[in-house]
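K.L.:
Dropping a prediction and its sequence here:
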Amino acid sequence: MHTPFNVHHGRAPAIQHALARVLTTAYTEHPERFVRQHPQPPTFPTTAWINEPEEEGTKSMTG
């Protein structure tokens with residue numbers, strides 16, 4: 001998870017890379033703790049919304 005500040009100011013990729021290194025180190029030192037597979041940091045979402053805008057043609061005219 002990344003803060004909006006880090007994403008907006010372009011720091012998220014560096015943080016993502018550092019997290020990947022930490023997870024690799026943890027896996028190397030304690031593989032028994034990761035029973036399914038080598039851990040990976042979560043991927044970036046393609047979009048993020050608080051209130052996703054409605055698509056054209058689906059807007060309701062109330063008021």
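P.N.:
Right, received. Where do you want to start?
K.L.:
And for residue 24, the neighbour number?
P.N.:
Other residues within reach of residue 24, judged by other C-beta atoms under 10 Å, total 13. Any C-beta I mention is one placed from the backbone N, CA and C, and that applies to glycine too.
K.L.:
how near is it to residue 18?
P.N.:
When distance is defined by C-beta to C-beta, to the nearest Å, residue 24 is 11 Å away from residue 18.
K.L.:
before we move on, what about residue 8?
P.N.:
Applying C-beta to C-beta, one obtains 18 Å for the distance of residue 8 from residue 18.
K.L.:
now do residue 33
P.N.:
With distances defined as C-beta to C-beta, the gap from residue 33 to residue 18 amounts to 20 Å.
K.L.:
again, but for residue 51
P.N.:
Between residue 51 and residue 18 the computed distance is 32 Å (C-beta to C-beta).
K.L.:
Who has more neighbours out of these two?
P.N.:
residue 18 (11 against 5).
K.L.:
Name the SS class of the more buried one, please.
P.N.:
Judged by DSSP: H, G, I helix; E, B strand; the rest coil, the three-state class of residue 18 is helix.
K.L.:
Pull up the gap between it and residue 53, please.
P.N.:
The span separating residue 18 from residue 53 equals 34 Å under the rule C-beta to C-beta.
K.L.:
hang on, isn't residue 15 packed against residue 2?
P.N.:
Yes: because the distance of 6.4 Å satisfies C-beta atoms under 8 Å, residue 15 is recorded as touching residue 2.
K.L.:
what about those two, which has more around it?
P.N.:
Per other C-beta under 10 Å, whichever of residue 15 and residue 2 has more neighbours is residue 2, with 17 against 14.
K.L.:
got the residue ranges for the helices in the chain?
P.N.:
Remark: helices of the chain, listed N- to C-terminal, are 4-8, 12-29; assignment by DSSP state H.
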